[in-house]
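In: Provided below for reference: sequence and predicted model.
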Amino acid sequence: MASVVKPLPEVASGAPKLLAHQFFENSLGSVCAPSHSVTGGADNMESASASPFYLAGPLALGWTLVIPDHEGPLSAYLAPVVSGRITPDAIRAAEGFTSLDLAGSSTPVALWGFSSGGTASLWAAASAPTYAPELSIVGAAGGSSVLDLEHLFASVDGHPVWMRYAFSAMIGVTRVHEDFVPVGLLNEIGLEMASAVKDGCNGNRTDGGLPPSGHFSDYMTADPFVRDEALAVFAATRLPQPDAIPTTDIYLYHSTDDEGAPMADVDAAARAWCEHGTRVIVNELPGTHITSGFSGMAGAVRFLARAFDGLDPEPLGTERGC
């Protein structure tokens, strides 16, 4: 499922441009998907309330939008290999939708997302050279993107806010990688909580109870993340990957004090991609995970606008590039 938005004729000029925007769904329920949030659904208020901020600028610039339900039919929250495939599939569908008046696979395409949407965008960019080489991707921007699930789960274990998201992410990843945290590792409390959040938005329960808190050990019979099966999933879902190198320009904006996604992960990806010839800009911003979603927005739009115009990325202010 993907939603599309066509700009008003008075602002659309020149050759058509397509922006694939991957929203931070952060949820396990199908009603939390962007196709609900951007069309008036109120179940996922985090995405619904943010959508005007992220969509108004691109539409005012005359860009056509495609907004994928990048978690897929399983609502596989933070299973990046899935979102990295669904996003190009949504672009293909938009390019074939005649009502959008696009230019097929020759349409210039950019990718943008924040948080889990940034993860989806960067995985799509990294996968595109082999999975969707026909797409004309000109740039990808990811803000506060989770690039290493192992670091995420370690960082937010016990966090008073982000633990509920991490618990849902654990379930979302297991929906794709069944050996990641098998149900047998959940204790009685864990089984009850997993059932309560399985259709919820943003880590919340659907029965009105309190969301997950405390530590993973409160819900487990043993540490699930030291098992060989979990370590294999961590290795397969982190960026950079040696066989998945973006060939398009990349913009990474990230907060120095991000609670769940360390700045070091962004720097590691940037170094690896730069070494392979990818042009990367990193914008290191003060603040926490949420603040960069707003403070980094202008820089991301500027980067994407330059990419659409065929201009090289140009670091400004706090930005650095290779």
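Out: Happy to help now that I have it.
In: where exactly do the helices run in this protein?
Out: 34-37, 45-60, 80-95, 116-131, 149-156, 163-174, 188-197, 228-237, 263-275, 289-295, 297-308 (DSSP state H).
In: Tell me which of these approaches residue 213 most closely.
Out: The closest of those to residue 213 is helix 163-174. By Cβ to Cβ, the value is 5.6 Å. The way it works is simple: take the backbone N, C-alpha and C, and place the C-beta from them, glycine included.
In: angle of the closest one against helix 188-197?
Out: 80 degrees (axes from the mean of the first three to the mean of the last three Cα atoms, to 10 degrees).
In: coming back round to it: format the helices of the chain as a markdown table; extra columns: distance to residue 214 and mean neighbour count.
Out: As requested, the helices of the chain are exported to a markdown table (distance: least, Cβ to Cβ, whole Å; neighbours: other Cβ atoms under 10 Å):
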| stretch | distance to residue 214 | mean neighbour count |
| --- | --- | --- |
| helix 34-37 | 29 | 23 |
| helix 45-60 | 22 | 16 |
| helix 80-95 | 26 | 22 |
| helix 116-131 | 22 | 26 |
| helix 149-156 | 12 | 20 |
| helix 163-174 | 7 | 24 |
| helix 188-197 | 9 | 17 |
| helix 228-237 | 20 | 16 |
| helix 263-275 | 25 | 18 |
| helix 289-295 | 20 | 19 |
| helix 297-308 | 33 | 21 |
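In: got the ones you listed as CSV, with distance to residue 138 columns?
Out: Below are these laid out as CSV (distance: least, Cβ to Cβ, whole Å):
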stretch, distance to residue 138
helix 34-37, 22
helix 45-60, 14
helix 80-95, 12
helix 116-131, 11
helix 149-156, 28
helix 163-174, 30
helix 188-197, 38
helix 228-237, 26
helix 263-275, 16
helix 289-295, 23
helix 297-308, 4
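In: I'd like to know which of these is closest to residue 203.
Out: That would be, of those and by Cβ to Cβ, helix 163-174, which comes in at 3.1 Å.
In: Surely residue 54 touches residue 22?
Out: No: with contacts counted by Cβ atoms under 8 Å, residue 54 stays clear of residue 22, the gap being 10.1 Å.
In: where do the contact lists of these two overlap?
Out: Counting by Cβ atoms under 8 Å, 6 or more residues apart in numbering, the contacts common to residue 54 and residue 22 are residue 112.
In: pull the CA atoms of stretch 166-182 into CSV?
Out: The C-alpha coordinates for stretch 166-182 follow below in CSV (Å, rounded to 0.1, in the frame of the first residue of the first chain):
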residue,chain,number,x,y,z
ALA,A,166,12.1,-0.9,21.5
PHE,A,167,9.8,-3.6,22.8
SER,A,168,7.5,-3.1,19.8
ALA,A,169,10.6,-3.1,17.5
MET,A,170,11.7,-6.4,19.0
ILE,A,171,8.3,-7.9,18.0
GLY,A,172,8.4,-6.2,14.6
VAL,A,173,11.8,-7.6,13.7
THR,A,174,10.7,-11.1,14.9
ARG,A,175,7.8,-10.9,12.5
VAL,A,176,10.3,-11.1,9.6
HIS,A,177,13.2,-12.9,11.3
GLU,A,178,11.4,-15.6,13.3
ASP,A,179,14.5,-16.8,15.2
PHE,A,180,15.3,-13.3,16.5
VAL,A,181,13.3,-13.5,19.8
PRO,A,182,11.2,-16.6,19.7
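In: got a list of what the residue nearest to the spatial centre of the chain touches?
Out: In the chain, the C-alpha nearest the mean C-alpha coordinate belongs to residue 117, at 2.1 Å (Cα atoms, centre = their mean). When the contact criterion is Cβ under 8 Å, 6+ apart, the partners of residue 117 are 21-25, 70.
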